[in-house]
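# the amino acid sequence is not available; the structure is as follows:
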């Protein structure tokens, strides 16, 4: 993920004072009690947002799953809301709540077929989905769900709305088909729609998607109360798909107006979806909803503490803090070096790439000086020493080490971004469920072919 940078305000060789900060770090040993202190810090927070510095790091995913299991088992959390598209994630929700025909976790993950499929079709998520199904089967009165927050699924969501209405109201389904036919000229290419409307060569579908969502709102009471809780959940899902279609339509038009506009639309959509999920689960269960959110650090670390925020961007972490004061706990994760699963460009195959050591003046380089391979750092304890601007790394689904400073670093004040940070000094690549030969082969060392062998 590319970022602008403000090298004039980032001191790449700022004094680190690692010995002072180290005294506040809790080493992680892999034992069951590693996160006892973290759960104490979380306290009564109802929204726990757990980030990651890349979309392809094994340790990030495993830590997030471990913490989430404890929050569900010990603190009564009832949902995971992930940086995933709503219809794809809702298939997982049906499986873990035993309301689908899917027989295995692998079946439930089957809709994650588009790039970057390894984000969700990987061994850690597969195992977590299996665990969540087993937990729900053993706790029928406290089932936890799995939901998506993102908005890339314009066409899939349109189909989901029509399929739902075909079952409950064929006449309404016909009206939806007519409204959504506006997109038919562009097939599955949502970006082509955005470009055409931006250039004025096609009329926008804005009025149509808004009209469809309005109809859902008007008929909410009638449709939501049919045939019990399962039907109510299905209506809620259809309504979210209709809202996603509205917001995705605006998002794809905004892509050609600059990064800030499209980023803000996307994260505002995620915040709106989270709020809708809170309201739905609170009403359904008769108690305040408690939700774990899984997303990238760049979405969950409060944007107001970053250079992107200075440029006008907001994000989900900021909006959650603003909308739910004193109920949100933000957790970031970082690494110094290792390997990562990422692509070299959009829609390209997943590769197992080496992560270069953290740049001088970065939080990653600072934490590398600590005498621990992995540790937890509370911002309540060490925050005062981590409020000066430093570089922070962000690897999305694409990793370009040849332009690492420009593409993957930004300025941030870590203690204002997060409430706690977990650092893994050396990390390993996330394992896709269908690793390619290219991923198995790994990335050749920089000295290859002068004598070293490729990473295996």
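That came in fine, so what should we check first? Predicted model, so just to flag it, every value in this text is computed and none were measured. Numbers count the residues shown, from 1 in each chain.
# from now on I want contacts and neighbour counts done on CA atoms only, so please keep to that.
Fine.
# tell me the helix or strand right after the longest strand seen in the chain.
Counting by DSSP state E, the longest strand found in the chain is strand 328-342. As assigned by DSSP states H and E, the chain's next helix or strand after strand 328-342 is strand 351-355.
# and after the helix or strand of the chain with the lowest mean pLDDT, which helix or strand comes next?
Among the helices and strands of the chain, helix 220-224 carries the lowest confidence by mean pLDDT, DSSP states H and E, at a mean of 70. Where DSSP H and E defines the elements, the next helix or strand beyond helix 220-224 is helix 228-254.
# whichever helix or strand comes after that next one: which residues count as buried?
Scanning forward in sequence from helix 228-254 by DSSP H and E, the next helix or strand is helix 259-285. Across helix 259-285, burial judged by 16 or more other Cα atoms under 10 Å covers 260-274, 277-278, 280-281.
# okay, the angle between helix 259-285 and helix 228-254?
170 degrees (axes from the mean of the first three to the mean of the last three Cα atoms, to 10 degrees).
# hmm, residue 300 and residue 318 touching each other?
Yes. With contacts counted by Cα atoms under 8 Å, residue 318 reaches residue 300, the gap being 7.5 Å.
# comparing the two, which residue is more hemmed in?
Applying other Cα atoms under 10 Å to residue 318 and residue 300 shows that residue 300 carries more neighbours, namely 28 against 23.
# once you drop chain neighbours, what's closest to residue 186?
Nearest-residue entry for residue 186: residue 193, 6.0 Å, with adjacent residues in sequence omitted and distances by Cα to Cα, 6 or more residues apart in numbering.
# any idea how far residue 431 is from residue 121?
From residue 431 over to residue 121 the distance is 9 Å, taken as Cα to Cα, to the nearest Å.
# I'd guessed residue 309 sits against residue 303; true?
Yes. At 4.8 Å, residue 309 counts as touching residue 303 under the criterion of Cα under 8 Å.
# so which of the two has more stuff around it?
Ranked by neighbour count (other Cα under 10 Å), residue 309 and residue 303 place residue 303 first, with 26 against 16.
# does that one touch residue 321 like I think?
No. Counting by Cα under 8 Å, residue 303 sits too far from residue 321 to count as a contact (10.8 Å).
# which helices and strands sit right next to the longest strand of the chain?
If you count contacts as 3 or more Cα pairs under 8 Å, 6 or more residues apart in numbering; DSSP states H and E, strand 328-342 packs onto strand 47-50, helix 297-300, helix 316-323, strand 351-355, helix 363-368, strand 420-427.
# and the angle for the last one with strand 328-342?
What separates the directions of strand 420-427 and strand 328-342 is an angle of 20 degrees, with the same axes, to 10 degrees.
# show residues contacting strand 420-427.
With Cα atoms under 8 Å, 6 or more residues apart in numbering as the test, strand 420-427 has contacts from 57-59, 330-340, 367-368, 372-380.
# point out where the chain drops to low pLDDT.
Applying pLDDT under 70 to the chain picks out residues 1-18, 223-230, 258, 383, 445-456.
# and residue 319, how many neighbours does it have?
19.
# if we ignore the residues flanking it in sequence, what's nearest it?
In space, residue 319 is closest to residue 271, 6.6 Å off (Cα to Cα, 6+ apart).
# contact partners for that neighbour?
Contacts of residue 271 (Cα under 8 Å, 6+ apart): 149, 316, 319, 320.
# again, only this time at 7 Å
Neighbour list for residue 271: 316, 319, 320 [criterion: Cα atoms under 7 Å, 6 or more residues apart in numbering].
# ok, the first one touching residue 299?
When you say that, I think you mean residue 316. Yes. Judged on Cα atoms under 7 Å, residue 316 makes contact with residue 299 at a distance of 5.5 Å.
# what about these two, which has more around it?
Set side by side, residue 316 and residue 299 show more neighbours around residue 316, with 26 against 22, by other Cα under 10 Å.
# surely residue 34 is in contact with residue 40?
No. Applying Cα under 7 Å, one finds residue 34 not in contact with residue 40, separated by 11.7 Å.
# so what sits against both of those two?
With Cα under 7 Å, 6+ apart, residue 34 and residue 40 have no common neighbours.
# those two: who's more crowded?
Shown here are residue 34 and residue 40; by other Cα under 10 Å, residue 34 has more neighbours (16 against 9).
# skipping adjacent residues, who's closest to that one in space?
residue 28 (5.7 Å).
# residue 98 too?
In space, and not counting its chain neighbours, residue 98 is closest to residue 133: 7.4 Å by Cα to Cα, 6+ apart.
# what segments of the stretch 51-200 of the chain are helices?
58-75, 86-96, 105-108, 123-138, 154-168, 170-180, 190-199 (DSSP state H, counting those that start in this stretch).
# now the fifth one: buried residues?
Using 16+ other Cα under 10 Å as the burial criterion, the residues of helix 154-168 that qualify are 154, 155, 156, 157, 158, 159, 160, 161, 162, 164, 165.
# and of the residues you listed, the nearest to residue 290?
For the buried residues of helix 154-168, the minimum distance to residue 290 (Cα to Cα) is 25.7 Å, reached by residue 157.
# I'd assumed residue 246 was in contact with the closest one.
No. Contact status for residue 157 versus residue 246: not in contact, 10.1 Å apart, counting by Cα under 7 Å.
# would you check that residue 375 makes contact with residue 26?
Yes. In this structure residue 375 lies within contact range of residue 26 using Cα under 7 Å: 5.3 Å.
# of the two, who's got more company?
Shown here are residue 375 and residue 26; by other Cα under 10 Å, residue 375 has more neighbours (21 against 18).
# neighbouring contacts of the helix or strand hosting the more buried one?
Here residue 375, judged by DSSP H and E, is contained in strand 374-378. Identification of contacts with strand 374-378 by Cα under 7 Å, 6+ apart yields 24, 25, 26, 27, 28, 419, 420, 421, 422, 423, 424, 425.
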